[in-house]
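# sequence below, structure please.
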Amino acid sequence: MCVRLQVARLADLPGRGTDTVHGAIADQLASQARRLDDVQTRIVHLADALRGDLQRVVDGRDAEEPSINGLLHNTAPTLDLLAARRTELHRSLTDLVEVYKGLPPFAAAPVTAEANSPRRRAASTRAPRQSTVLASPTPLAPANAMRTRAR
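Reported below is the predicted structural model:
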């Protein structure tokens, strides 16, 4: 996938780690790639174990270690499920690569000294100030004007 994206590592994708569309898709790519690697590793471990079991059959040593659950135990169904998951992840990863490649080139927003100042960062994390005076939908009449009308 890195070859198709023309980067040495997925961490090198332009926009990775930013709060942009590029960053979101790059994060998804990295996550899917990790999942695919994990599934592939599990398939390889199961296949190695299965190879050992089958080699005992080929060598005629399977009679030495009788198995009441069958030769393949749960290995075959698990291997089938993992292979299906690997195919699904590969398709998903391929689709994500195409989406990323279809994005316009990533242009990092220029960082100005003022925009990155500690005062600006602190202000942007504060909640907006709220007025302590409650506004009335209709203006209140002065108290003595009310008395004059009542008489």
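# and G70, helix, strand or coil?
Here G70 is coil, with the state taken from DSSP: H, G, I helix; E, B strand; the rest coil.
# how many neighbouring residues does it have?
For G70, the count of nearby residues is 9 (other C-beta atoms under 10 Å). For glycine as for every other residue, the C-beta is placed from the backbone atoms N, C-alpha and C.
# run through the helices of the chain in chain order.
Read by DSSP state H, the chain holds these helices, from start to end of the chain: 2-5, 21-59, 75-102, 118-125, 143-150.
# nearest spatial neighbour of I25, chain-adjacent residues omitted?
Nearest residue to I25, sequence neighbours excluded (C-beta to C-beta, 6 or more residues apart in numbering): Y100, at 4.8 Å.
# if you could redo that for P14, that was the one I meant.
F106 (3.8 Å).
# in this structure that neighbour contacts R16, no?
No: when contacts are counted by C-beta atoms under 8 Å, F106 is not listed as touching R16 (9.2 Å).
# please identify every residue contacting each of those two.
Counting by C-beta atoms under 8 Å, 6 or more residues apart in numbering, the contacts common to F106 and R16 are H22.
# which one's more surrounded, those two?
Using other C-beta under 10 Å, the more surrounded residue of F106 and R16 is R16, with 20 against 16.
# for A107, see how far away S31 is.
S31 sits at a distance of 24 Å from A107 (criterion: C-beta to C-beta, to the nearest Å).
# so between the two, which is more surrounded?
Legend: neighbour count by other C-beta under 10 Å for S31 and A107, higher for S31 (13 against 10).
# pLDDT score for the more buried one?
pLDDT recorded at S31 is 89.
# how close does it get to S92?
To S92, S31 is 10 Å away according to C-beta to C-beta.
# do H73 as well
Applying C-beta to C-beta, the value for H73 to S92 is 30 Å.
# could you do R42 as well?
For R42, the distance to S92 - C-beta to C-beta - is 17 Å.
# what do you get for D48?
Going from D48 to S92 by C-beta to C-beta gives 26 Å.
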